[in-house]
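Visitor: Need coordinates for the following:
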Amino acid sequence: MSSGKRRYLALCFPFLGPDRMARAIGMGEVRASFTPDAPFALVEKAKGAMRLVAVNRAALALGLAPGLSLADARARLPDIGVADIDPRADAAWLERIADGCDRYTPMVALDPPDGLILDISGCAHLFGGEQGLRDDLLARLRRLGMETRSALADTPDAAHALARYDAHVAPAEAGAARDCVDRMRQEPVAAPASAGATIAGLPVEALELDAEESVALRRAGLKRIEDLSSRPSQLLSARFGEVAADRLARIAGGRDIRITARRPEAALLLERRFAEPIGRTEDALAAIGQLAEQAARRMEEAHRGGRRFEAQLFRTDGLVRSLRIETGLPVRDVPLIMRLFDERLEALADPVDPGFGFDLVRLSVPRFDPLSPLQLPLEGGAVAEGELAQLLDRLSTRLGRNRVRRLAARDSHIPEQAAFAFPAVEAGPVEDWPEPEPGEPPLRPTHLFDPPQPIEVVAGVPDGPPQRFRWRRELHEVTLAEGPERIGALWWKRADNGGMSRDYYRVEDRHGRRFWLFRHGLYGREAKSPAWYIHGLFA
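Guide: This next block holds a predicted model:
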């Protein structure tokens, strides 16, 4: 990154939902009764009626706008296409577009609900300057079918305002909703390299204050940013609050609030660009292998290994496919890394489609851990540990990171809370399991029931073990019993154990089967007739 003045590129998608829907219909991913180029609207129920939430440009040109009821829209345009709004799909589509913007800069931030902000400081020269970067990005977005407004500025807030508010057309007096429609009718524009005059000409709606505050500013004769900038900020704060003064400073360039990138900076980042796009997934994997070899050499020099690896395949149309793998131990073994990527590819439900080809392949290692040369013991213990880790890595990659889990001890006397499961590829705690006394049987069973299963005690004595109990319609005669082991409820969490104590017994029936039983509640003090449960089975 350059240490000089920072530059930001803001993107706004005024037809995000309709453009996504049109593309999905054209690709055959969504079935609809209308064509992508026909007038259509996305609707949802609001204020007791179905209302338009978003419209495509064809519907907007015919006078339809968000906020209109569906009945009124059909009265004006009987053949209008209608589909339900899907905010989750829109957000996921915006994330995919943001993934594609990673090719230009690692500093990409979401600007919900319909925009992105890129910190292009020190990156523009790779694309022939700011204008070259912007033109290349907009061309890829057009191939995706996205209509985009863009702006360049010295602060992210200024770029955000310039991308959403047309500085050359005075806003309509009918209010913010009408102004938004007017702005969407305009063609996308970009701010010039020196955007001071353009920022000064923005309407006060660019401050994005409450509707009442915007109306109050207009009634006071303050219609543009230049009208506010020419007045002392103390007067603006006293009349309209600190928020208005703060947003004015951020838009006018007096305050630069840096964006927070959606992805943390990777410990290691390598990429390979292709003059001619490659159209086979096998060639992309070969490029990943070459990048993995470079990464391995870098990690060996640093005496470190990677725990996570992510490969990004950038298509020429702007879409990105990501392949992520994790390992339980730090590794820099290239064949092992590539085997895991092969496993990931085979486990994908949606195969990688190269489309018109990949023109950029990137490999990142988000996480580094120390990895020193290993002295192998004669008995091969370290070899066995490494082979087990590789097996867990392959299973986790193929089945999913949350499908293969391991157990770790937790410092708790509540039996069901004394252990917890976590993904096998994660580095778990180093808490040791409690060891039984030499020559003594284990205090805890090898299998716990969650939740404990109720049993019927046929014969028992107060404050003693049952002599006979029925579980799963089978009667068990108790021949040996040990206990009780009393476990009380956590005093700071009375909900645990139902607020009552448990008396545990290790019992054995006449067939030699061993059970872990407990009485829930103390006779006469916590319960008149305590219930009995079986909590586990011994081997």
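
Visitor: show me where the stretch 151-300 of the chain has helices.
Guide: Secondary structure of the stretch 151-300 of the chain (DSSP state H, counting those that start in this stretch): helices located at 156-164, 176-185, 196-200, 211-219, 225-229, 233-240, 242-252, 281-301.

Visitor: What's the local residue count around residue 40?
Guide: A total of 27 residues lie near residue 40 under the criterion other C-beta atoms under 10 Å. Bear in mind the C-beta positions are built from the backbone N, C-alpha and C, glycine included.

Visitor: can I get the helices of the stretch 151-300 of the chain in a markdown table with distance to residue 455?
Guide: Output for those, formatted as a markdown table (distance: least, C-beta to C-beta, whole Å):
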| stretch | distance to residue 455 |
| --- | --- |
| helix 156-164 | 64 |
| helix 176-185 | 66 |
| helix 196-200 | 76 |
| helix 211-219 | 65 |
| helix 225-229 | 76 |
| helix 233-240 | 70 |
| helix 242-252 | 64 |
| helix 281-301 | 56 |
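
Visitor: which of the ones you listed is buried the deepest?
Guide: Highest mean neighbour count of the helices of the stretch 151-300 of the chain: helix 156-164, a mean of 26 (counted as mean count of other C-beta atoms under 10 Å).

Visitor: now it: how far from the chain's centre is it?
Guide: 25 Å (C-alpha atoms, centre = their mean, to the nearest Å).

Visitor: just to revisit the earlier point, got the helices of the stretch 151-300 of the chain as TSV, with mean pLDDT and distance to residue 44 columns?
Guide: TSV is the format used below for the helices of the stretch 151-300 of the chain (pLDDT from 0 to 100; distance: least, C-beta to C-beta, whole Å):
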stretch	mean pLDDT	distance to residue 44
helix 156-164	91	22
helix 176-185	42	16
helix 196-200	70	35
helix 211-219	85	21
helix 225-229	85	34
helix 233-240	78	33
helix 242-252	84	29
helix 281-301	93	39
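
Visitor: Helix, strand or coil: sort out residue 525 for me.
Guide: coil (DSSP: H, G, I helix; E, B strand; the rest coil).

Visitor: What pLDDT is listed against it?
Guide: For residue 525, the model assigns a pLDDT of 77.

Visitor: I'd like the numbering to begin with 79 instead of 1 from here.
Guide: Shifting the count to begin at 79 puts that one at residue 603.

Visitor: Nearest to residue 159 among the helices of the stretch 229-378 of the chain would be which one?
Guide: helix 254-263 (18.5 Å; C-beta to C-beta).

Visitor: quick one on the thing from earlier: quick check: which of the helices of the stretch 229-378 of the chain is nearest to residue 591?
Guide: Among the helices of the stretch 229-378 of the chain, the nearest to residue 591 by C-beta to C-beta is helix 359-379 (52.9 Å).

Visitor: What is that closest one packed up against?
Guide: Packing contacts for helix 359-379, counted by 3 or more C-beta pairs under 8 Å, 6 or more residues apart in numbering; DSSP states H and E, involve strand 346-356, strand 382-393, helix 412-425, strand 436-448.

Visitor: Out of these, which is the most enclosed?
Guide: Comparing these by mean count of other C-beta under 10 Å gives strand 382-393 as most buried, with a mean of 22.

Visitor: strands paired with it, and their directions?
Guide: Pairing partners of strand 382-393, with direction, according to DSSP bridges: strand 398-409 (antiparallel), strand 436-448 (antiparallel).

Visitor: quick one, the shortest one and helix 412-425 angle?
Guide: Orientation check (axes from the mean of the first three to the mean of the last three C-alpha atoms, to 10 degrees): strand 398-409 against helix 412-425 gives 140 degrees.

Visitor: Averaged pLDDT, strand 398-409. What do you get?
Guide: Strand 398-409 shows a mean pLDDT of 88.

Visitor: separation between the closest residue to residue 365 other than its chain neighbours and residue 433?
Guide: Excluding the flanking residues, the one nearest residue 365 by C-beta to C-beta, 6 or more residues apart in numbering is residue 439, at 4.3 Å. Going from residue 439 to residue 433 by C-beta to C-beta, to the nearest Å gives 14 Å.

Visitor: One more: residue 497?
Guide: Counting by C-beta to C-beta - residue 497 and residue 433 are separated by 47 Å.

Visitor: cool, residue 134 as well?
Guide: 24 Å.

Visitor: more neighbours, those two?
Guide: Ranked by neighbour count (other C-beta under 10 Å), residue 134 and residue 433 place residue 134 first, with 24 against 15.

Visitor: Isn't that one up against residue 97?
Guide: Yes: Residue 134 is in contact with residue 97 according to C-beta atoms under 8 Å; the separation is 7.4 Å.

Visitor: what residues are shared contacts of these two?
Guide: Common contacts of residue 134 and residue 97 (C-beta atoms under 8 Å, 6 or more residues apart in numbering): none found.

Visitor: Make sure residue 474 is indeed in a strand.
Guide: No: residue state for residue 474 (three-state DSSP) corresponds to helix; a strand is not indicated.

Visitor: residues in contact with it?
Guide: 404, 406, 481, 482, 501, 502, 503.

Visitor: Distance check, the first one against residue 500.
Guide: With distances taken as C-beta to C-beta, residue 404 is found 12 Å from residue 500.

Visitor: who has more neighbours, those two?
Guide: Between residue 404 and residue 500, counted using other C-beta under 10 Å, the more crowded position is residue 404 (19 against 14).

Visitor: And for residue 120, the neighbour number?
Guide: Residues lying near residue 120 (other C-beta under 10 Å) number 22.

Visitor: now it, which residues is it bridged with?
Guide: Where residue 120 sits in a bridge, its partners, by DSSP bridges, are residue 132, residue 161.

Visitor: what about the closest residue to residue 592 other than its chain neighbours, neighbour count?
Guide: Closest residue to residue 592 apart from its sequence neighbours, by C-beta to C-beta, 6+ apart: residue 616 at 3.8 Å. Number of residues near residue 616 (other C-beta under 10 Å) recorded here: 16.

Visitor: quick one: contacts for residue 616?
Guide: 519, 520, 523, 524, 584, 592, 593, 594.

Visitor: Compute the distance between the fifth one and residue 221, please.
Guide: Okay, so that is residue 584. Distance from residue 584 to residue 221, by C-beta to C-beta: 70 Å.

Visitor: neighbour count winner among the two?
Guide: With neighbours defined as other C-beta under 10 Å, residue 584 and residue 221 compare such that residue 584 has more, 22 against 15.

Visitor: and the more buried one, helix, strand or coil?
Guide: What three-state DSSP gives for residue 584 is strand.

Visitor: who does it bridge with?
Guide: residue 560, residue 594.

Visitor: ok, it - contacts?
Guide: 519, 559, 560, 561, 592, 593, 594, 616.
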